[in-house]
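Undergrad: below is the structure, and that's it, no one-letter string:
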């Protein structure tokens, strides 16, 4: 994979915290930023997915889904009652 160099501006206290953490983790500052960005992106993708899942389950089921649910309930009842 090709790397791309970039420059960012940080407030000095944040930069110093990053320096300290990179030293403690025994990774380069660049690697620390990559790890942090990967984590941030992963969390954002997870939030986006959760939002989509919640939206999908927020409304009432459409008529097709209602019919499928009724059919599944009847089928399950027959299995449980042993009349299947």
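TA: Okay, I see it. For clarity, every value in this text was computed on a predicted model and none was experimentally measured.
Undergrad: number of nearby residues for residue 19?
TA: Other residues near residue 19 come to 12 when the count uses other CB atoms under 10 Å. (Each C-beta comes from the backbone N, C-alpha and C, glycine too.)
Undergrad: leaving out chain neighbours, which residue sits closest to it?
TA: Nearest residue to residue 19, sequence neighbours excluded (CB to CB, 6 or more residues apart in numbering): residue 29, at 6.5 Å.
Undergrad: for that neighbour, give me its contacts.
TA: 18-19, 22 (CB atoms under 8 Å, 6 or more residues apart in numbering).
Undergrad: could you measure from it over to residue 10?
TA: Using CB to CB, to the nearest Å, residue 29 is found at 10 Å from residue 10.
Undergrad: what touches both of these two?
TA: Common neighbours of residue 29 and residue 10 (criterion: CB under 8 Å, 6+ apart): residue 18.
Undergrad: any chance you could list what contacts stretch 16-24?
TA: 10, 28-29, 31-33.
Undergrad: count the neighbours of residue 60 for me.
TA: The number of residues packed near residue 60 is 7, by other CB under 10 Å.
Undergrad: before we move on, what about residue 80?
TA: Per other CB under 10 Å, the neighbour tally for residue 80 reads 9.
Undergrad: sticking with it, tell me its helix or strand.
TA: helix 63-81 (DSSP states H and E).
Undergrad: output the lowest mean pLDDT helix or strand found in this structure.
TA: helix 63-81 (a mean of 92; mean pLDDT, DSSP states H and E).
Undergrad: name the single longest helix found in this structure.
TA: What stands out as the longest helix in the chain, according to DSSP state H, is helix 29-58.
Undergrad: mean confidence (pLDDT) on that helix, please.
TA: Taken as a whole, helix 29-58 has a mean pLDDT of 95.
Undergrad: distance of the most centrally placed residue in the chain from residue 16?
TA: With distances taken as CA atoms, centre = their mean, the residue of the chain nearest its centroid is residue 46 (1.4 Å). Distance of residue 46 to residue 16, computed by CB to CB: 30 Å.
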